[in-house]
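Undergrad: Structure of the sequence below:
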Amino acid sequence: MAYSAQLGFQDAASPIMEELLHLHDHAMMVVFLISVFVLYIITLMITTSLTHTSTMDAQAIETIWTILPAIILILIALPSLRILYLMDEINNPHLTIKALGHQWYWSYEYTDYEDLMFDSYMVQTQSLLPGSLRLLEVDNHMVVPVTSPTRMLISAEDVLHSWALPSLGIKTDAIPGRLNQTTFTTSHPGLFYGQCSEICGSNHSFMPIVVEATTLNDFETWSSLMLQS
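TA: Have a look, this model is predicted:
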């Protein structure tokens, strides 16, 4: 995964994010075509007699510019509604994890395991290992098995937080007294970084999120070590 300066979204690490990237490209192409068409019409209006009354008041033109935007909206809405349904669909997850936001760190509880819970704090700059990312590395990663559907239950203990991972296509608010739910499936092993995306106080920018996707065997080994510690 590249971390150099770039334009656009991060590389997709989940099927949902891949769908979101496709929708973005689709919508941008529609916007590009509309912009080119409008620029073409403006150019004609400036350089020709397109502004003539008999042309601009034609019933056919009025019908076209009424129906065409409706068709364009449908072409954008249908893929969008499909993705919304896929993001909300949670069908037999292999793993359920509860993320609880605090000022200013995250705690995780693996509800399918007894007593598997831990806090995740940002690693201070002076303690970073070579190659680690400043303001994004944490002392305890949230480890999940790759390609396994994972359900996240997200809440907060004190103020509003937001559990966000751009490469996985997730951004879910953590609200005190309320349990929000989302799901994701990592498409390949790796480390995926995110941050709290809600202004939750003076140290808001110092509560990062790190999800580590690994093989099922490595995940079971990790969970056994965590339970023994």
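Undergrad: low pLDDT regions in the protein?
TA: Where the chain drops to pLDDT under 70, the residues are 1-6, 49-58.
Undergrad: Which helix runs longest in it?
TA: Ordering each helix of the chain by length in residues (DSSP state H) puts helix 15-47 first.
Undergrad: Identify each buried residue in that helix, please.
TA: The neighbour-count check on helix 15-47 (16 or more other C-beta atoms under 10 Å) flags 15-17, 19-21 as buried. Every C-beta, even on glycine, is put in place using the N, C-alpha and C of the backbone.
Undergrad: Any idea how far it is from the middle of the chain?
TA: Computed by C-alpha atoms, centre = their mean, to the nearest Å, the chain-centroid distance of helix 15-47 equals 23 Å.
Undergrad: Please name every helix or strand in contact with that helix.
TA: Judged by 3 or more C-beta pairs under 8 Å, 6 or more residues apart in numbering; DSSP states H and E, helix 15-47 is in contact with helix 59-88.
Undergrad: Can I get the next helix-or-strand element following the helix it packs on as CSV, trimmed to CA atoms?
TA: Next along the chain after helix 59-88, taking DSSP states H and E as the criterion, comes strand 95-102. Below are the C-alpha coordinates for strand 95-102, written out as CSV (Å, rounded to 0.1, in the frame of the first residue of the first chain):
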residue,chain,number,x,y,z
LEU,A,95,-16.6,-12.2,13.8
THR,A,96,-18.2,-9.4,15.9
ILE,A,97,-16.0,-6.7,17.4
LYS,A,98,-17.2,-3.8,19.6
ALA,A,99,-15.3,-0.5,19.3
LEU,A,100,-15.7,2.0,22.1
GLY,A,101,-14.4,5.5,21.7
HIS,A,102,-12.8,7.4,24.6
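Undergrad: What is the neighbour count of F192?
TA: Neighbour count for F192, taken as other C-beta atoms under 10 Å: 25.
Undergrad: for the one 3 residues further on, same thing?
TA: Other residues near Q195 come to 19 when the count uses other C-beta under 10 Å.
Undergrad: is it true that it touches K171?
TA: No: using C-beta atoms under 8 Å, Q195 is not in contact with K171; the gap is 10.4 Å.
Undergrad: which residues do those two both contact?
TA: Common contact partners of Q195 and K171 (C-beta atoms under 8 Å, 6 or more residues apart in numbering): A164.
Undergrad: if we can go back for a sec, rebuild the buried residues of helix 15-47 as a markdown table, extending it with distance to A213.
TA: Converted to a markdown table, those look like this (distance: C-beta to C-beta, whole Å):
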| residue | distance to A213 |
| --- | --- |
| P15 | 13 |
| I16 | 14 |
| M17 | 13 |
| E19 | 18 |
| L20 | 18 |
| L21 | 18 |
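Undergrad: and the residue nearest the centre of the chain, what does it touch?
TA: By C-alpha atoms, centre = their mean, the chain has its centre lying nearest to G169, at 2.4 Å. By C-beta under 8 Å, 6+ apart, the residues touching G169 are 12, 14, 16-17, 19-20, 87, 184.
Undergrad: Over to D115?
TA: L227.
Undergrad: Might one say that T183 is in contact with T150?
TA: Yes: contact criterion C-beta under 8 Å: T183 and T150 qualify, at 6.6 Å.
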